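Trainee: Need coordinates for the following:
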Amino acid sequence: MGADPPAVLSLAADEVHVWRIPLDVEAQGDELDAHERERAAKFRFERDRRTYIAAHAAMRRILGWYLGCPGAGLVLARSTRGKPFLETEAAPALRFNLSHSGRLALLAVSHIEVGADVELIRENADAAGLAKRFFPAPEYMALLEAEPGEQQRVFFRLWTRREAFLKARGTGLERVSDEIPAHWHVVDLDPDPGYAGAVAWEGPGARVVQFRYSIRTS
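Mentor: Sure, this is the predicted structure:
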């Protein structure tokens, strides 16, 4: 998924940039702020701690590329629901959202409020049970009508759409069964084999531009 980014990044008002971030790279916790380091320290398993650090370090670097400054120096605040946002005065209109699962992360960046979700497709997930509990009736029926070998893929496709929508709104999973309003845009993504992804925003249509992340020195 995605192309290599240009040396100088520009973000138009009608664009949503989505970054595919592999999490098999080494990252240092000193790039994170105190809140992120505290979160990282609470993970029970070392692999989860490393994944979290790699995803958040990459997020900071990418945001720094847009702003022309070191990502480690960015000041992040968090909403009452825990969604981070930039306090940097130079970028009051830059919005972003990070999601990670397995060994992959997605970062959405835009000038409009945006949400992203990525999920590793797990064959042992209770797709029918979760869909019956959380999905509106038409989506639940769409899952039941899918071929048995396709049900897990369909479930995670629907789940990432809903998660991206909720993350853009900044609400929790207690609203997961809400219908997605017609004036919202949700775009399916195929970030990697075995993964499902989606990005969502409210309002007019926007052009989704996909990039591959790799560490660079400038």
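Trainee: Kindly provide the distance from residue 82 to residue 127.
Mentor: Distance from residue 82 to residue 127, counting by CB to CB, to the nearest Å: 27 Å. (Glycine included, C-beta is placed from N, CA and C.)
Trainee: So these two - more neighbours on which side?
Mentor: Ranked by neighbour count (other CB atoms under 10 Å), residue 82 and residue 127 place residue 127 first, with 21 against 10.
Trainee: Which per-residue confidence value corresponds to residue 136?
Mentor: Note on residue 136: pLDDT of 87.
Trainee: Determine the number of other residues adjacent to it.
Mentor: Residues near residue 136, counting by other CB under 10 Å, number 15.
Trainee: before we move on, what about residue 145?
Mentor: Residue 145 has 10 nearby residues by other CB under 10 Å.
Trainee: In the protein, which helix is the longest?
Mentor: helix 46-67 (DSSP state H).
Trainee: What are the contacting residues of that one?
Mentor: Here helix 46-67 makes contact (CB atoms under 8 Å, 6 or more residues apart in numbering) with 5, 9, 11, 19, 21, 23-29, 31-32, 36, 39-41, 43, 70-74, 86, 88, 90-91, 94, 96, 98, 100, 103, 105, 107, 109, 213, 215.
Trainee: Just the buried residues from those, in PyMOL please.
Mentor: One line in PyMOL is enough to select the buried members of the contacts of helix 46-67, burial here meaning 16 or more other CB atoms under 10 Å:
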select buried, resi 5+19+21+23+27+31+32+36+39+40+71+74+86+88+91+94+96+98+100+105+107+109+213
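Trainee: Among the contacts of helix 46-67, which are located in strands?
Mentor: 19, 21, 86, 96, 98, 100, 105, 107, 109 (DSSP state E).
Trainee: And those, which two are furthest apart?
Mentor: 86 and 100 (19.2 Å; CB to CB).
Trainee: Look up the pLDDT of residue 163 for me, please.
Mentor: Reading off the model, residue 163 has pLDDT 92.
Trainee: Distance check, it against residue 208.
Mentor: For residue 163, the distance to residue 208 - CB to CB - is 17 Å.
Trainee: Which one's more surrounded, the two?
Mentor: residue 163 (22 against 16).
Trainee: Not counting sequence-adjacent ones, nearest residue to the more buried one?
Mentor: Leaving out its chain neighbours, the residue that sits closest to residue 163 by CB to CB, 6 or more residues apart in numbering is residue 117, at 3.7 Å.
Trainee: how deep is the one you found tucked in, by neighbour count?
Mentor: 28.
Trainee: How about the one 4 residues further on?
Mentor: A total of 18 residues lie near residue 121 under the criterion other CB under 10 Å.
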